[in-house]
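1. Quick one: sequence and predicted model below, then my questions.
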Amino acid sequence: MSADTEGDATDRYRVGSLEEVEAQPQVVDVRGEKYLVCVAGDGLYAYRNVCPHQGGPVAEGRVDTEDGRVVCPWHGWEFDLDGGANCFDTDVGARLPQAECVVEGGDVYLRL
Ligand code: FES
């Protein structure tokens, strides 16, 4: 999925309706960079599609909003969708790079 890459004065990028994001995690491309946007539990989250291990495309792995986890397809590192903490090896402490997202008027926007 491609976000509205026009942006506005506040650098907001529409991801889709909240209903769409709730129904399925979205991967959007903004200015040549991909982001995973999803609803997990009670939260709305956005992360850059870059695994902190070796830069793998984490959003192309298994995204399980029921369990609140995403698993990187390259080496299986697992991250908590609520904040991006590394669940694979908590001693490493690497987190997914989080981005800001908001709901306005029933639509989800990335703020970059
Ligand atoms: S690059 Fe993601 S687990 Fe290695």
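-> Thanks, I have it.

2. Who is the residue most central in space within the chain paired with across the strands?
-> The centroid of the chain falls nearest to residue 36 when counting by CA atoms, centre = their mean (2.7 Å). Listed by DSSP bridges, the beta-bridge partners for residue 36 are residue 27, residue 47.

3. show me the contacts for it.
-> 25-27, 45-47, 49, 58-59, 63, 70 (CB atoms under 8 Å, 6 or more residues apart in numbering). All C-beta spots, glycine's among them, are computed from the backbone N, C-alpha and C.

4. From residue 60, how far out is residue 67?
-> Residue 67 sits 18 Å away from residue 60, taking CB to CB, to the nearest Å as the criterion.

5. same question for the helix or strand that residue 99 is a member of, mean pLDDT?
-> If you go by DSSP states H and E, residue 99 is part of strand 98-104. Across strand 98-104, the average pLDDT comes to 96.

6. Fine by me, we can end here.
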